[in-house]
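> Please work out how this folds:
(one chain, ligands or ions: 1)
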Amino acid sequence: MNGQAPNVAATQAFSDRAVAQALAARIARRAAEIGRPVNLMEVCGTHTVAISRFGLRSLLPPSVRLLSGPGCPVCVTDQGDIDLFLALARQPGVITTTFGDMMRVPGSETTLATEKAAGRDVRVVYSPLNALQVAKANPGRLVLFYAVGFETTAPMVAAALEMALEQGLTNFAIYPVHKTVPPALAALLAAPAVKLDGFILPGHVSTVIGAGAYAPVVERFHIPSVISGFEGNDILLAVDMLLAQIAAGEAKVEIEYRRVVTWEGNRTAQEMLDRFFVPVGAKWRGIGMIPGSGLELRPEYARLDARNRFDTPALAAQLPPPPPKLAACSCGEVLQGIKLPTECLLFGKTCTPVSPVGPCMVSNEGSCAAYYRYERRPRLAEGGVEPWVN
Ligand code: SF4
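The predicted model follows:
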């Protein structure tokens, strides 16, 4: 009982209106002091949704722009990986397991949801451990898990692999498309078209890798960076901390989300990652190949990679080219903060959550879906969609 009252009060402060107004006023003062436009990128899909859901843009001065980054794991997955995984899902005897977000992500010709409707065995799971249970219950069939996600999800996948080995399950394999955040930050900052003044860094990923993991990027590019929690006032405070760094001409990693994130991160989770995975170059949608930004299974665990259970080169050679409507999708630019979702010509017209063209509209954490759900204004008389307040 003793510690309960302060915790409740502290929790309430994260969504308290008066605190939000005080933070907004302080942000406005700092923005005026800086005296130029400032682009801040949130590098986490959960932040993207929180910013839109809480209407935080409406609390900021026009000179402070919040741009969404490549923080939705489904969105950044390369089209070739999606198509190849769909091809594996069609192989005889396979049970496909995946997080729900992947079901409607458009491949070039089909989706997992379409394949399921056509009679393929495709199952939504909430954890890789659920996928393991499916494998245990179906010893005569090969169970594939589509391992999508950042450093937050990858340790859970490593734990499932460890259990599969301990239990002698030979009918379980993953298709690893995990991505890591720090190399992506470096790639963004090195891209000439991307103009950023600071990063709102991901809270969940940072619990695993620790704040120290960003220090090399922050030092190299002199980019102010703050790790934020997910409540409205967490994010406003992170914006305020970023503006304070910018006003002072500083660039360092700060932790706003101190109740969860440490400088070192979670050593146990890091060890699990190291045991099973090695960093490799990985393709990101719209960004391209980023050295060291993917996680591949170590050679001794090659049999746990779904691609090694099939004649993958032959399957890859039969994949169709992406259809023209995917080429019109601006997801790649949206993921780099180069375009707002509302600047995509298909937004709210051809592309909606009911009929998504690209993954940024499918995933719950996709910025196009977040804009459509929370930041869309009524259509103007002549058609088109009015952009958000900033
Ligand atoms: S609105 Fe649709 S088509 Fe446009 S970038 Fe977003 S997902 Fe792609």
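> which residues touch residue 180?
150, 151, 209, 279, 292, 293, 294, 295 (C-beta atoms under 8 Å, 6 or more residues apart in numbering). Bear in mind the C-beta positions are built from the backbone N, C-alpha and C, glycine included.
> For the ligand, give me its nearest residue in the stretch 51-200 of the chain.
residue 75 (8.1 Å; C-beta to the nearest ligand atom).
> Run through the neighbouring helices and strands of the helix or strand hosting residue 370.
Here residue 370 is covered by helix 367-374, with elements defined by DSSP states H and E. Using 3 or more C-beta pairs under 8 Å, 6 or more residues apart in numbering; DSSP states H and E, the elements in contact with helix 367-374 are helix 45-53, helix 331-334, helix 359-362.
> Tell me the buried residues in the longest one?
What that stands for is helix 45-53. 45, 46, 47, 48, 49, 50, 51, 52 (16 or more other C-beta atoms under 10 Å).
> try the second one
Along helix 331-334, the positions that meet the burial threshold by neighbour count (16+ other C-beta under 10 Å) are 331, 332, 333, 334.
> so the last one touches residue 70, yeah?
It stands for residue 334. No. Residue 334 lies out of contact with residue 70 (C-beta atoms under 8 Å); the separation is 9.3 Å.
> list residues touching both of those two?
Contacts common to residue 334 and residue 70, judged by C-beta under 8 Å, 6+ apart, are residue 286.
> Confidence-wise, which of the buried residues of helix 331-334 comes last?
On pLDDT alone, residue 332 ranks lowest of the buried residues of helix 331-334, at 88.
> coming back round to it: the ligand next: which of the buried residues of helix 45-53 are close?
Contacts with the ligand are made by none of these, judged by C-beta under 6 Å from any ligand atom.
> Let's have those in TSV, adding pLDDT.
Converted to TSV, the buried residues of helix 45-53 look like this (pLDDT from 0 to 100):
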residue	pLDDT
45	91
46	93
47	95
48	94
49	93
50	94
51	95
52	92
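> Which residue ranges of the stretch 51-200 of the chain form helices?
73-76, 79-89, 112-117, 128-137, 154-166, 181-190 (DSSP state H, counting those that start in this stretch).
> ranking these by burial, who's on top?
Highest mean neighbour count among the helices of the stretch 51-200 of the chain (mean count of other C-beta atoms under 10 Å): helix 73-76, with a mean of 27.
> could you say what helices and strands that helix packs with?
By 3+ C-beta pairs under 8 Å, 6+ apart, helix 73-76 packs against helix 359-362.
> Do the helix it packs on and the ligand come into contact?
Yes. Helix 359-362 reaches the ligand (C-beta under 6 Å from any ligand atom) through 360, 361.
> Figure out how far that helix is from the centre of its chain.
12 Å (C-alpha atoms, centre = their mean, to the nearest Å).
> who's in contact with it?
Here helix 359-362 makes contact (C-beta under 8 Å, 6+ apart) with 72, 74-75, 77, 101, 104-106, 285, 329, 331, 334-335, 341, 351-353, 356, 366-369, 372.
> Counting neighbours, which of the residues you listed end up buried?
So, of these, 72, 74-75, 77, 101, 104-106, 285, 329, 331, 334-335, 341, 351-352, 356, 366-369, 372 end up buried under the neighbour-count rule (16+ other C-beta under 10 Å).
> Quick one: classify residue 241 as helix, strand or coil.
Using DSSP: H, G, I helix; E, B strand; the rest coil, the structure places residue 241 in helix.
> Spatially nearest residue to it, not counting backbone neighbours?
Leaving aside its sequence neighbours, residue 241 sits nearest to residue 226 (C-beta to C-beta, 6 or more residues apart in numbering; 4.6 Å).
> Can you say which helix or strand has that neighbour in it?
Following DSSP H and E, one finds residue 226 within strand 225-227.
> Strand partners (parallel or antiparallel) of that strand?
Counting by DSSP bridges, the strands paired with strand 225-227 are strand 198-201 (parallel), strand 253-255 (parallel).
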